[in-house]
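[1] coords please:
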Amino acid sequence: MTTRIRKVAVLGAGVMGSGIAAHLANSGVRALLLDIVPPKAAPGEDTSSKAFRNKFVLGALANMRKQKPSPIVSEQVFTAIEVGNFDDDMARLAECDWVIEVVKEDMAVKQALFAKVEQHARKDAIISSNTSGLSIAGMLQGRGAEFRKNFLVTHFFNPVRYMKLLELVAGPETNPEVVRAVHRFGEEVLGKGIVYGKDTTNFIANRIGVYGMMRTIAEMQKAEMTVEEVDKIFGPAMGRPKSAVFRTADIVGLDTFTHVAKNCYDTLTQDEERQTFATPDFLQKMVEKGMLGDKSGGGFYKKSKGGGGDGEKEILALDLKTLEYRKQNKVRFESLGAAKDVEDVRERVATVMKGQDKAAKFAERVTLDVLAYTSRRIPEIADDIVNIDRGLRWGFGWDMGPFETWDAYGVRAGVARMKELGLKPAAWVEEMLAAGRESFYGVAEGRDTYWDIPSKTVKLVQENARTQRVEYLKRGNKKIAGNGSATLWDLGDGATLLEFHSKMNSIDDDIIAMMGTALDETEKNHRGLVIGNDGGNFSAGANIFAMLWAAKNGEFDAIRKMAAAFQAANQRMRYSPVPVVTAPFNLTLGGGAEAAMGGNAIQASAELYMGLVEVGVGLIPGGGGTMQLLRNVYGAYSADKDFDAFPFIKKVFLSIGMAKVATSAEEARELGFLSANDGISANRDFLLADAKAKVLGMAEAGFRAPRPTRFRLPGPNGFATVDMLLYDMQLNNQISAHDRKIAQKLARVLTGGDTSPSVLLTEERMLELELEAFLSLCGEEKTQDRLQFMLEKGKPLRN
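    Numbering: from 1, shown residues only. Just a heads-up that it's a prediction; the model follows:
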C-alpha cells in the first residue's frame, strides 16, 4: 500500500464529492475531481469540448464559489483541484494515492465504477467508498484480492469542511495498515475526528442520530408539542446545536433525511425498534409537496414574504396537522428557564431532564429512550461507547454523546427511570453497575477512562499523542497563578500557557493583569509562553458592557487606563526576551485579535474567524490593533522611501473600516492578521500542542525579540485623500455622518496624524494616536447607542 497520500481522486462531483475535493484542497492536498459526461447536450453545445465533457465538475466548482457556508477556506484552493470525467480521465487514477468513490447510492452503479477503478488505479492505491448504507461485500463483488485488501468505507459528513466526523469501516479483508494510514491522514492532515463503525446500515452517527430524531417526532405527536417547542427543548438547553431537530432536518434536506430513515426501515429487519424509522404521513406529504427545507425555500420553517413588526422577515413554523405555516409561539418552560444560565453542559442537561414540567418530561422520555436504544446497539454498530459518543458529538454537533449524557443524568438513576417508563437498557449496563462502576467514564492519573464492555474493565480513552487540553493541566495540578478571568499553567518542557476563561473570553482588567504575571513568571523561570484555551472561542473581544457602563458614567480615565494597559501588555508580549506564541481559534474578534497579534508568532486553528470589528459598535481598535495590522501588512517596507504607503494604508483601512472578518485561517493570512510564517493546525485538538512545539522550537533556535517597526506615513495629505472618499460616500447615503466620523478617526491614525513622509513614526506614537481616537469615540453619544444596541440585540446599529 502507499505510505504517503499526496494526491486523491474523488469520483462524483455532487454535494458530497465536491465537498470532499474542496476539503482535500483546503488541507493542501491535490485533488482530481471526476464525474460522468453529461448524457444530453443543450442546443449549440459542442459535445467534443472539454467544457461540455467536464460540465458537471465545472458546475460543481462554480457552485462552491456561491455556497454558504463556504466549503473552501480561500479562493486559492481551486489551484489544487484538477477536473475531468469518467470517459476521458480514468487513466489519471494512476497519479493518485487514494481514490474515493462518491457516486449515488446504487449498488450496480458503484460496482460498475469499481470495475473501472480496478483497471486504472495503482495496485498500492487506497480505494474507499463514501457510502452510508451499502454493504462492503456487495460493493466488492467481482473485485480482486489486492483491491479488497486496500478497500474500506470512509464516510464523511456534510458539510465536509465543518463537520469533524469521519467514520471508517473496514471490510473483512482490509489490510490494517490501510486503515491506520487513512486514520492518521484523516486526523492529522484533514483535521477529522475518526470513529470506527461496523458494516451496518448507516453506521454509527446516522443510525443513532436519525433514530433520535424519529423518536422525537413520534413522541411530540403524543405530547402535542409544536415544532418550535421541540427545537427549543432539544437545542442548547439539552447540549445540542441551535439547529436542534427540525432546523437540522431543514438544513440536511427532508428528502435526504427521509431517505436515510427509509434505508434503516428497509434494511434493519431485525431491529426491535424498526417501526420508529417508518416515515410518518405528514413527513411523506411534505416531501411529495416539495417542502424539502432550505433547498426548496421551506420545510419545517419558512421565511415570511412580508415584514415582521420591525420591517424584517419573520421565520414562520409549520403546523404539522394542517401543513400550513404560522407565526411562531413564544416558548416558555420553567425547566428551560432554570437551565438557561447554567454554563456547565452536564449540569444544564441534568437540570432540564430532572425538571417537573411538560418540557422536562418530554426531554427525559425521549432522551432515555435514545440512551436505552444506543446501549442495545453495542456491539452491533460499534465495539465501545467511545466511538458512539464521538460519532454523535462530531457528526451531529451534540455537546455530549449518549453515554456522556447518561453519566450526567446518573447511570443508576437512568436505569431505574427507564424501567419505570417501560424502556429496556442493555444487560451490560446493569452488569457494569453490579461490578461497582457507577459511570461510563472516569479519570485515572489525569487521563480519561471508559468502561470496556467485552473485558468488563476500565480502559484509557485512546487519543492522538498531540492532543492537549487545559483540562489535563488542571488534573495534574499544573497551575502557577490565576484570577477570575485568566490562569497561568505549566505546560511542561519549559513552556507556560496563559488561559483566558472570562465570559466569552472577553478581555478585561484581570486578563490584562495576568498577561503581565505570565511574562514575569515565564521570563524568570521558563523558555516560552503560549496563549490559548479550551473554550468555545479564543476571545470575542473586549467587555463592552463594562466599557459602556464606564462611558455612560463619564469614567474616561478608567477606559484610558484599561486600553493603555492592554496596548502595553500586547507590546510587552512582542518584545519579551522569551518567545510568545498565540493559539487563536473560532471567534477571535476585536481585543481577541489584538491579543493574538500581540505575540511573536501565531499557531492558528484552520477554523478561525478573526477580525478587528470595533466599528460595529462605533469605535476603532483600542488595544493596538490599528498599529498591529498596519505593521503586519506594511512593516517590511514601512521605513523604505521607495514604497508608497497608501496601498498598504488602504488595505488596512478597508479591513478595519468594513469590520472584515476572515472566515478561515488562510483568509486571515490574506487579510494580514497572520504572517506567511505563522502555522495552521488542521485539527483543533492539536492546537495547544502545536503551539507549544512552535514556541519551544523558537526558543531552541535562539529566539531574539524583533526590532520595533517605524512607519513612513503621508500625514494630513493622506488623510485628505481618504476623507474625500468618505465625503462622497456620505453624499450618496452609503454611510451615515457618524460612520464618517469613525472612519475619519481611523484614517487619522493610519495616516500618522500630523506627520509627513520625511518622518519615521514610532510604534509608541501610533499607539498614542489610536488611544486618542478610541477615547474620543467612547465619549460620543451615537457610539454609546451602538454599544447599547449590540448588548441588547446582538447586531450593529446604523445611526
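[2] for the stretch 201-350 of the chain, which spans come out with low pLDDT?
    Within the stretch 201-350 of the chain, the set of residues satisfying pLDDT under 70 comprises 306-312.
[3] Can you show me the helices along it?
    205-223, 227-233, 246-252, 254-267, 281-288, 334-339, 345-353 (DSSP state H, counting those that start in this stretch).
[4] Any chance of those helices in CSV with distance to R707 as columns?
    In short, each C-beta sits where N, CA and C put it, glycine included. Output for the helices of the stretch 201-350 of the chain, formatted as CSV (distance: least, C-beta to C-beta, whole Å):
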stretch, distance to R707
helix 205-223, 52
helix 227-233, 55
helix 246-252, 50
helix 254-267, 57
helix 281-288, 65
helix 334-339, 53
helix 345-353, 46
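[5] Would you mind finding the most buried of those helices?
    Of the helices of the stretch 201-350 of the chain, the one with the most neighbours on average (mean count of other C-beta atoms under 10 Å) is helix 227-233, at a mean of 24.
[6] What is the neighbour count of K503?
    As a burial measure, K503 scores 12 neighbours (other C-beta atoms under 10 Å).
[7] contacting residues for it?
    If a contact means C-beta atoms under 8 Å, 6 or more residues apart in numbering, then K503 has no contacts.
[8] cool, and the one 5 residues further on?
    Residues touching D508, when contacts are defined by C-beta under 8 Å, 6+ apart, comprise 485, 502, 542-543, 546.
[9] wait, V617 sits on M790?
    Yes. Using C-beta atoms under 8 Å, V617 is in contact with M790, at 5.1 Å.
[10] how close does T2 get to V182?
    Distance, T2 to V182, using C-beta to C-beta, to the nearest Å: 11 Å.
[11] and for those two, which residues touch both?
    Residues touching both T2 and V182 (C-beta under 8 Å, 6+ apart) are 98, 126.
[12] quick one: which of these two has more around it?
    V182 (23 against 16).
[13] Which residues belonging to the helix or strand hosting that one are considered buried?
    Element membership for V182, per DSSP states H and E: helix 176-188. Along helix 176-188, these residues count as buried under the neighbour rule (16 or more other C-beta atoms under 10 Å): 178-179, 181-183, 185-188.
[14] likewise stretch 653-668?
    For stretch 653-668, burial by neighbour count (16+ other C-beta under 10 Å) applies to 653, 655-657, 659-668.
[15] Also stretch 544-564?
    Per 16+ other C-beta under 10 Å, stretch 544-564 contains these buried residues: 544, 546-548, 550-551, 558-560, 562-564.
[16] what's it in contact with?
    Contacts for stretch 544-564 (C-beta under 8 Å, 6+ apart): 506, 508-509, 512, 617, 622-623, 771, 774-775, 778-779, 783-784, 787-788, 790-791.
[17] do the same with stretch 565-573
    With contact meaning C-beta under 8 Å, 6+ apart, stretch 565-573 is reached by 507, 509, 512, 515-516, 519, 529, 531, 580, 591, 594-595, 597-600, 622-624, 628, 763, 767, 770-771.
[18] Now do it: distance to the chain's middle.
    Relative to the chain's own centre, stretch 565-573 is displaced by 29 Å; criterion: C-alpha atoms, centre = their mean, to the nearest Å.
[19] Where does the record place the domain boundaries for this structure?
    Using automatic domain parsing, the domain ranges for the chain come out as 7-196, 205-299+331-437, 471-782.
[20] want to throw those into CSV with distance to K313?
    Below are the domains of the chain laid out as CSV (distance: least, C-beta to C-beta, whole Å):
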stretch, distance to K313
domain 7-196, 17
domain 205-299+331-437, 12
domain 471-782, 22
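[21] To V461, which of those lies closest?
    Evaluated with C-beta to C-beta, the domains of the chain place domain 205-299+331-437 nearest to V461, the distance being 5.6 Å.
[22] looking at the helices of the stretch 201-350 of the chain, which is closest to D490?
    Ranking the helices of the stretch 201-350 of the chain by proximity to D490 (C-beta to C-beta) places helix 345-353 first, at 27.0 Å.
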